[in-house]
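Novice: Could you look at this predicted model? Sequence included:
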Amino acid sequence: MVQFTDALVLALLAATTRAAPLSLNKRIAQTTIDSVTPWEDACNSAGGGSQCNPIAVTAASTLLAAAGNCDQQNSADAMITLAKTLDSNADMISLAQVFAQQPRNSPNSLAVPYCETAPQNSELNGFFQCQFQGSDQTSFVGGLSVGDAGTIPFGLSAAVNPAGSCPANPSGPVADGQQLNTITQNPGTPSGSTASGSTGSTASSASVPAAASSAASSSASTSDNDGAGAAAGASASSTSTAGTTTSSSTSSSSGFALSNGQAAQALNAQFASLTASSTCTDGQNACVNGAFAQCVGGKFETTQCAGGTTCAALPLVNSAGTSITCTTTADAEARIAATGATGGITGDGSTAAASSASSDTSSTDSAAVSTSTAAASTNQAATSSSSTSSFALSNGQAAQKLNAQFATLTASSSCTEGQNACVNGAFAQCVSGSFETTQCAGGTTCAALPLVNSAGTSITCTTTADAEARIAATGATGGLTGSS
């Protein structure tokens, strides 16, 4: 029989005590889609139609740990902006204010930094997110201490008191994983912010991460537990957005064109913070230093774009959403400008879709940008003619040819390192001799599309209608593959 001496018991107790703090490093997550379900229901009731779900899915992804500090506020801005077009629906506005205060996921049980930029809509002044109870309220993600930039919400001059509280839950932090909207649907009294709405902030669009979830009218469950992405049915991706398939008889391209352009700008601005060493979640797609990137095995595998092109997020044309593709800077600028969005590729006048800026937080969650659409450039020969008409038809036919080739591929097809394709409707990248696939968001499929302002094609997740329209616009006949 084993006997324990008093000394041994004390030693074991001491070891247990010393080991206990290690549990504080656990991730704190939630089912993020639950944070926006009440708002989406209110939006549908108010007649928002197909505009509701993409905004809701985008917003859900901003609660992931890798999202930018102001992404959540930007999505709340998008919620309110839409509400104002629907007779300033009071339920939508108050629920957006509650959403703006929902705690974000913590990658390591530390408090999550606050946004320090004025919201676009004054209805959000004085609102900021609560923290989860399991987080250390004295230390913030990124090694920040109270008083550092990002540890005091915009409009406040001192640390939040009680620590971890917010106007909707002024008593303190929220229980780990709990949705604030199950505690209250009263946003509370905003803290003393006198700031007016910023005209320079870019609201998250209705589509940024439709890719982060199944963008069908019924929202998919979203959680980043165990590094999973922002939705069921689609691999997590930090950046690319596929359009929703939800439709409304009253919707038109004018209803989402501007928000698509702004969404693309927001994604491109986020890409500028990524580097090849940025942490990522398997299946996540992004632009990194001008190259298309897919997360494989916890790190970005990059594919350089063809000469003269760069990786960028672009607005979809016939549905709400964005795509990521290799294209020319002029093409990206033209497509974004055509939506009415101003400020170039990133919304701030910059012409670069990606830069070597350092990464944001270290997290295994998918980013804000958070989305499953992927795109990559195919090496199509350029023509010497400067006229768009000289390559439009050939671009359409080249896209058809690629789509026909993709129809013959399977996950076990042989491939060349770095090769990109569509396999069974999913975006695929060849890694170590085999295709790694990323499922497109609900209602979308992977397809080759013709470029607009230069010779070439791109590969992206989009709706079938969008792909057919783009190909037909070049003068090519026969649908996606040229055989219809």
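Specialist: It's in. Numbering: from 1, shown residues only.
Novice: So which bits of stretch 299-308 are buried?
Specialist: Residues of stretch 299-308 classed as buried: 300-306 (neighbour count, 16 or more other CB atoms under 10 Å). For the C-beta atoms, the positions are set from N, CA and C on the backbone; glycine is no exception.
Novice: any weak-confidence spans in this structure?
Specialist: 1-25, 192-255, 282-284, 306-307, 318-319, 350-389, 441-442, 453 (pLDDT under 70).
Novice: Select the longest helix from it.
Specialist: Looking across the chain with DSSP state H, the single longest helix is helix 389-406.
Novice: For it, what is the distance to the chain centroid?
Specialist: Distance, stretch centre to chain centre, for helix 389-406: 29 Å (CA atoms, centre = their mean, to the nearest Å).
Novice: I'd like to know which elements it is packed against.
Specialist: strand 420-423, strand 445-450, strand 457-462, helix 464-473 (3 or more CB pairs under 8 Å, 6 or more residues apart in numbering; DSSP states H and E).
Novice: looking at those, which is closest to residue 166?
Specialist: strand 457-462 (35.7 Å; CB to CB).
Novice: what angle sits between the closest one and strand 445-450?
Specialist: For strand 457-462 against strand 445-450, the angle by axes from the mean of the first three to the mean of the last three CA atoms, to 10 degrees is 150 degrees.
Novice: Which strands border strand 457-462, and is each parallel or antiparallel?
Specialist: strand 376-378 (antiparallel), strand 445-450 (antiparallel) (DSSP bridges).
Novice: can you dump the C-alpha coordinates of that strand into PDB?
Specialist: What follows is strand 457-462 as a C-alpha-only set of coordinates in PDB (Å, rounded to 0.1, in the frame of the first residue of the first chain):
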ATOM      1  CA  THR A 457      -9.000  35.700 -65.400                       C
ATOM      2  CA  SER A 458      -9.400  35.200 -61.700                       C
ATOM      3  CA  ILE A 459     -10.700  32.300 -59.500                       C
ATOM      4  CA  THR A 460     -13.200  33.100 -56.800                       C
ATOM      5  CA  CYS A 461     -16.300  31.900 -54.900                       C
ATOM      6  CA  THR A 462     -19.300  33.700 -56.300                       C
END
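Novice: and it, how far from the chain's centre?
Specialist: The answer for strand 457-462 is 17 Å, by CA atoms, centre = their mean.
Novice: Between helix 389-406 and that strand, find me the angle.
Specialist: Going by the same axes, to 10 degrees, strand 457-462 makes 60 degrees with helix 389-406.
Novice: Next, the contact list for residue 59, please.
Specialist: 35-36, 39, 72, 75-76, 78-79, 99, 204 (CB atoms under 8 Å, 6 or more residues apart in numbering).
Novice: and the longest helix of the chain, C-alpha only, in PDB?
Specialist: Taking Å, rounded to 0.1, in the frame of the first residue of the first chain, the C-alpha atoms of helix 389-406 are listed here in PDB:
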ATOM      1  CA  SER A 389     -12.700  45.200 -76.200                       C
ATOM      2  CA  SER A 390      -9.500  43.600 -77.500                       C
ATOM      3  CA  PHE A 391      -9.300  41.200 -74.500                       C
ATOM      4  CA  ALA A 392     -12.900  41.200 -73.100                       C
ATOM      5  CA  LEU A 393     -14.100  38.300 -75.300                       C
ATOM      6  CA  SER A 394     -10.900  36.300 -74.900                       C
ATOM      7  CA  ASN A 395     -11.000  36.800 -71.100                       C
ATOM      8  CA  GLY A 396     -14.600  35.400 -71.100                       C
ATOM      9  CA  GLN A 397     -13.600  32.400 -73.300                       C
ATOM     10  CA  ALA A 398     -10.600  31.800 -71.100                       C
ATOM     11  CA  ALA A 399     -12.800  31.700 -68.000                       C
ATOM     12  CA  GLN A 400     -15.100  29.300 -69.700                       C
ATOM     13  CA  LYS A 401     -12.200  27.000 -70.700                       C
ATOM     14  CA  LEU A 402     -10.900  27.000 -67.100                       C
ATOM     15  CA  ASN A 403     -14.400  26.200 -65.700                       C
ATOM     16  CA  ALA A 404     -14.700  23.300 -68.100                       C
ATOM     17  CA  GLN A 405     -11.300  22.000 -67.000                       C
ATOM     18  CA  PHE A 406     -12.300  22.400 -63.300                       C
END
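Novice: picking that back up, out of the contacts of residue 59, which sit inside helices?
Specialist: Those of the contacts of residue 59 lying in helices (DSSP H): 39, 72, 75-76, 78-79, 99.
Novice: Go ahead and build a PyMOL selection from the buried members of the residues you listed.
Specialist: Of these, the buried ones can be selected in PyMOL as follows, counting by 16+ other CB under 10 Å:
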select buried, resi 39+72+75+76+78+79+99
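Novice: Save the ones in helices among the contacts of residue 59 as CSV, and put in distance to residue 413 too.
Specialist: Formatted as CSV, the ones in helices among the contacts of residue 59 follow (distance: CB to CB, whole Å):
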residue, distance to residue 413
39, 43
72, 41
75, 39
76, 44
78, 40
79, 43
99, 43
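Novice: In the ones in helices among the contacts of residue 59, find the pair that's most separated.
Specialist: 39 and 72 (12.8 Å).
Novice: which of the helices and strands packed on helix 389-406 sits most buried?
Specialist: Among these, strand 457-462 has the highest mean neighbour count (mean count of other CB atoms under 10 Å), at a mean of 32.
Novice: Tell me what angle it forms with helix 464-473.
Specialist: 150 degrees.
Novice: and of the buried residues of stretch 299-308, the nearest to residue 53?
Specialist: Checking the buried residues of stretch 299-308 one by one against residue 53 (CB to CB), the nearest turns out to be residue 300, at 29.0 Å.
Novice: Could you find the closest non-adjacent residue to the closest one?
Specialist: Excluding its sequence neighbours, the residue lying closest to residue 300 (CB to CB, 6 or more residues apart in numbering) is residue 293, at 4.2 Å.
Novice: pretty sure that neighbour is in a helix, no?
Specialist: No - under DSSP: H, G, I helix; E, B strand; the rest coil, residue 293 falls outside any helix and is assigned strand.
Novice: sorry, back to before: which neighbours do residue 39 and residue 72 share?
Specialist: 59, 99.
Novice: where exactly do the helices run in this structure?
Specialist: Going by DSSP H, the chain shows helices at 6-19, 37-45, 52-61, 71-85, 90-99, 257-271, 329-338, 389-406, 464-473.
Novice: ranges for the strands of this structure?
Specialist: 110-111, 136-140, 144-145, 285-288, 291-296, 299-303, 310-315, 322-327, 376-378, 420-423, 426-431, 434-438, 445-450, 457-462 (DSSP state E).
Novice: For residue 27, which of those is the nearest?
Specialist: Here strand 110-111 is closest among the strands of the chain (CB to CB), at 10.5 Å.
Novice: what does that closest one rub up against?
Specialist: 131, 135-141, 151, 163-164.
Novice: and what of stretch 469-484?
Specialist: 317-318, 392-393, 395-397, 399-401, 403-404, 407, 447, 449-450, 464, 467-468.
Novice: And for stretch 151-164?
Specialist: Residues from elsewhere that reach stretch 151-164 (CB under 8 Å, 6+ apart): 111, 113-118, 125-126, 128, 130-133, 135, 137-138, 140, 144-147, 166, 170-174, 191-195.
Novice: give the contact list for residue 101.
Specialist: So residue 101 contacts 127-130, 166-169, 180, 187-188 (CB under 8 Å, 6+ apart).
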